[in-house]
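>>> curious how this folds, go ahead:
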Amino acid sequence: MLENLWVEKYRPTSCEGYVFANDIYKKKIMQWIEEKNIPHCMFYGGPGTGKTTLAKILLKELGVEEGDILEINASRENNVDIVRNKLVNFSQTMPWGDFKVILLDEADYMTLHGQAALRGIMEQYASVCRFILTCNYQNKIIPAIHSRCQVLQINALDQTEFTVRAGEILAKEGIDFELDTLDLFVRSNYPDLRKTINTLQQNILDNKLIAPTNQESSADYRVKMVELFKAGKVKEARELIVKQINDNEYEDMYRFMYDNLDLWSKKEEGQDEALLIIRKGLVNHALIMDPEINLSATLIELSGIE
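Modelled structure (predicted):
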């Protein structure tokens, strides 16, 4: 049941409940709500940072009729036929209210042909239909769509505030937890708050948060990975990552390595060296055919930092 999932239970439903990392964006959103109108928008940022939640809050606060909203997840529906048929059929009919809205989630999964068709539809039906796009990587969206949207970067909370938010949820649920255990879950999932909350809920036993003990658990391998890195067991951590990582997680892993520079060195010069290694690994990720080999090589270089 959705109501039993913490991630749904604690999902913000209003601007008051939404934590904006940028006050300027908050003022802009509130202005749109006051004016009862929005431009085409693109919200971009990492997974679990609240892009879709903010889009749905905006639609709710604007009072857009349910029949005037079309939601599409482009990671599942991303080809040119979807754009030409589904979007056009929805856009060409008159709205019940002032305008229609198409919420295109994970728009960076759309093909280039699909994006080109989308650009034409955005232009043709701008008088009756607004588009809200969410994406993890704005550089995967063609410039012609960028130029037609108000682009807002949805940043994650800083790690301290992120940890406080996760701890508040545990406290509200009456869960007993150690700060060190919570830190493992935060480090392994930051900045993805949605994934953090889900992983926390999966690791509750007798109203207590427990650190996972099963290295083979695909759901918890990142938590175990942090434990191994903290213990200085770099080889075991590398083997665990290579064994468990999914094809769509490689870019996120480089971001994790960047967000946790202190795992590679406690010294400033060591962290600078780690940053350069991570950057090289990410660049090579786009060039090398086998991402597993490239990630393994990057981790080996990182493990050599003193």
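>>> which parts of the stretch 151-300 of the chain are helices?
Using DSSP state H, counting those that start in this stretch, the helices of the stretch 151-300 of the chain run over 159-172, 179-189, 193-202, 221-230, 234-244, 250-259, 268-285, 291-303.
>>> compute the inter-axis angle for the fourth one and helix 250-259.
Orientation note: helix 221-230 sits at an angle of 40 degrees relative to helix 250-259 (axes from the mean of the first three to the mean of the last three C-alpha atoms, to 10 degrees).
>>> which residues touch helix 221-230?
By C-beta atoms under 8 Å, 6 or more residues apart in numbering, the residues outside helix 221-230 that reach it are 184-185, 187-189, 199, 203, 211-212, 215, 217, 234, 236-237, 240-241, 243-244, 256, 260, 263. For glycine as for every other residue, the C-beta is placed from the backbone atoms N, C-alpha and C.
>>> of these, just the buried ones, PyMOL syntax please.
Buried members of the contacts of helix 221-230, defined by 16 or more other C-beta atoms under 10 Å, are picked up in PyMOL with:
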select buried, resi 184+185+187+188+189+199+203+211+212+215+234+236+237+240+241+244+256+260+263
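>>> separation between residue 209 and residue 183?
Residue 209 sits 11 Å away from residue 183, going by C-beta to C-beta, to the nearest Å.
>>> what about residue 17, distance to residue 61?
11 Å.
>>> more neighbours: which of these two?
residue 61 (18 against 11; other C-beta atoms under 10 Å).
>>> rank the helices of the stretch 151-300 of the chain by pLDDT, which is bottom?
Between the helices of the stretch 151-300 of the chain, the lowest average pLDDT goes to helix 221-230, which shows a mean of 75.
>>> report the buried residues of that helix.
Within helix 221-230, the residues scored as buried using 16+ other C-beta under 10 Å are 221-229.
>>> between residue 209 and residue 183, who's got more neighbours?
Between residue 209 and residue 183, counted using other C-beta under 10 Å, the more crowded position is residue 209 (21 against 15).
>>> many thanks, we can stop here.
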